[in-house]
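Novice: pasting a predicted model and its sequence here:
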Amino acid sequence: MRVVLDSNILISAINYGGIPRDIYSLGKYKLIDIILSEPILKETSGVLERKFQYSHEITTLISSELMGSSIVVKPTKRINEIKDDPSDNKFLEAAIAGNADYIVSGDKHVLKLKKFKDILIVTPAEFLEVYNNDKL
């Protein structure tokens, strides 16, 4: 399974644990492939620094760990599908570039799509349910 985790899922995994961390751990232990892009990493680091007062040094270490446990893609195709918050299109772009099966998000603008091309867009709980059912 190839999965894009949006920034809010990554931030939740880092700060709070729970299902987002469970999903990130699946990628860390190579049970799924996490797809990331530079724009996703940049947004994640920026929010950690601005909203959660992480130092730049710490966010650099976090980014390095994320890159080490993920497939980092360089999207070449611009997508303008999410009109309500165009910055969210970076998740679709990464998913296309990384040939993802899923986008896991907590963002209402992204979740509203439900599907983009052949990529399913789901909440963390929905993804974990699908993952666990696939492993039965």
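Specialist: Here it is on my side, so go on.

Novice: next, count neighbours for D134.
Specialist: 8 (other CB atoms under 10 Å). Placement of C-beta: from N, CA and C, glycine included.

Novice: number of residues surrounding F116?
Specialist: Neighbour tally, F116, other CB under 10 Å: 19.

Novice: contacting residues for it?
Specialist: E81, L92, A95, I103 (CB atoms under 8 Å, 6 or more residues apart in numbering).

Novice: ignoring the adjacent residues along the chain, who's closest to the second one?
Specialist: Using CB to CB, 6 or more residues apart in numbering and skipping the chain neighbours, the partner closest in space to L92 is I79 (4.7 Å).

Novice: for the one you found, which three-state class applies?
Specialist: Each residue gets one of three states, and I79 gets coil by DSSP: H, G, I helix; E, B strand; the rest coil.

Novice: run through who's touching stretch 119-136.
Specialist: Residues contacting stretch 119-136 (CB under 8 Å, 6+ apart): 1, 3, 9, 12, 18-20, 22-23, 26, 32, 92, 95-96, 100-106, 110-111, 113-115.

Novice: could you redo the last one with a cut-off of 6 Å?
Specialist: I19, P20, I23, A95, A100, Y102, I103, V104, V110, L111, L113, K114 (CB atoms under 6 Å, 6 or more residues apart in numbering).

Novice: among these, name the ones in helices.
Specialist: I19, P20, I23, A95, V110, L111 (DSSP state H).

Novice: what about the third one, how many residues close to it?
Specialist: Read that as I23. Neighbours around I23, by other CB under 10 Å: 26.

Novice: contacting residues around it?
Specialist: Contacts of I23 by CB under 6 Å, 6+ apart are P124.

Novice: flag the shaky bits of the protein, pLDDT-wise.
Specialist: Residue ranges of the chain with pLDDT under 70: 135-136.

Novice: which residues of it fall in helices?
Specialist: 7-15, 18-28, 38-50, 56-68, 89-97, 108-111, 124-134.

Novice: tell me the buried residues in the shortest one?
Specialist: To tie it back to what came earlier, the one meant is helix 108-111. H109, V110, L111 (16 or more other CB atoms under 10 Å).

Novice: that helix: how far from the chain's middle?
Specialist: 13 Å (CA atoms, centre = their mean, to the nearest Å).
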